[in-house]
Each structure stands twice: as structure tokens, then as C-alpha cells.
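*Asks:* Got a predicted structure here, sequence first:
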Amino acid sequence: QHQVAFSAALPTTATIGPVNVLYPLVYKHVLSNIGGHYSPVTGYFTAPVRGIYYFSFSSFCWTGDGTSGGSLYRNENQVVSWYGYSKSHPISGSNSAILLLQAGDMVNVRLWDGRKISDNGNKYSTFSGFLLSP
């Protein structure tokens, strides 16, 4: 019986970006990491076994900070994304996916080139996942 689940938030009280690369986000504030397969150092989740996994993420960007956007990646493949723009209001975004992963597959969230993401102590920007069925 494999128990695999994690949830983590961006630790920063500032804004990340705009970046000039596809920037891997590192969610350093770990809320839970059952099984220890999420790394708060790299921001990557590594699948311990072949199985069906669920992932979700949320993002936040302050008013006037520009454009927010990025994607969930499996290995080097873009899976699902978020995008938001507003001059006058804070923006948030989220998405989720159910994936069949092989043992050793790596999943993370990356901020797009030229985009921003923000947070504060409220933990708006999060990344979570769990094993549904091996």
C-alpha cells in the first residue's frame, strides 16, 4: 500500500518574475509530503510507482504586476496551463490533471518567460498531488 500525497506553497511574500526563461517554481513551504516524493529544494515531484496521479496548482498575481502564466510539466512535456492578465485587479489561476505516470516520471510547475507569480502569508500559490491508484 503506497501512500503518496503532497501539498506545498510558494514561501515568498514578493513576486517572482518576470523571468526570461521557462522558470521552474519551487514551492518551499511544505504543508504535507506523505512518502517524501516532493522536493522543496527542486520543486519536483518524482513518481515512486507506476500509477494514476492527480495534480493541481493555483496561482496569484498582484494588481499591476502584469501577466501571469505557466504550465504543469511531466518530464519535459507541457500538460496543462494557466494564464491571467489584468491592469486593475489581482488575478488568480488554477488547473489540474490526472496523469498515468511511470515510476521515475517527474512533475513540476514552470512559470512562462516574461510572466509573474506572487504570494504572501496567505499561501495563494500552491502545488499539490497524490497517487489515486497504483
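*Replies:* In hand now; what should we look at? Since we're looking at a predicted model, the values are computed, not measured.
*Asks:* So in this structure, where's the weakest helix or strand by average pLDDT?
*Replies:* Taking mean pLDDT, DSSP states H and E as the measure, the chain has strand 15-16 as its least confident helix or strand, at a mean of 90.
*Asks:* just checking, what packs against that one?
*Replies:* strand 117-118 (3 or more CB pairs under 8 Å, 6 or more residues apart in numbering; DSSP states H and E). C-beta here means a position set from N, CA and C on the backbone, and glycine is covered the same way.
*Asks:* if we go to 10 Å?
*Replies:* The helices and strands touching strand 15-16, judged by 3 or more CB pairs under 10 Å, 6 or more residues apart in numbering; DSSP states H and E, are strand 51-61, strand 117-118.
*Asks:* so of the ones you listed, which one's packed in deepest?
*Replies:* Of all these, strand 117-118 has the most neighbours on average by mean count of other CB atoms under 10 Å, namely a mean of 26.
*Asks:* Quickly run through the sheet partners of that strand, with directions.
*Replies:* Partners of strand 117-118 in the sheet, by DSSP bridges, are strand 15-16 (antiparallel).
*Asks:* helices or strands up against the following helix or strand past the strand it pairs with?
*Replies:* For strand 15-16, the following helix or strand on the C-terminal side (DSSP states H and E) is strand 23-24. Judged by 3+ CB pairs under 10 Å, 6+ apart, strand 23-24 is in contact with strand 67-74, strand 106-111.
*Asks:* can you put the ones you listed in CSV and add distance to Arg50, mean neighbour count and mean pLDDT?
*Replies:* Listed next are the helices and strands packed on strand 23-24 as CSV, based on distance: least, CB to CB, whole Å; neighbours: other CB atoms under 10 Å; pLDDT from 0 to 100:
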stretch, distance to Arg50, mean neighbour count, mean pLDDT
strand 67-74, 13, 22, 96
strand 106-111, 14, 22, 98
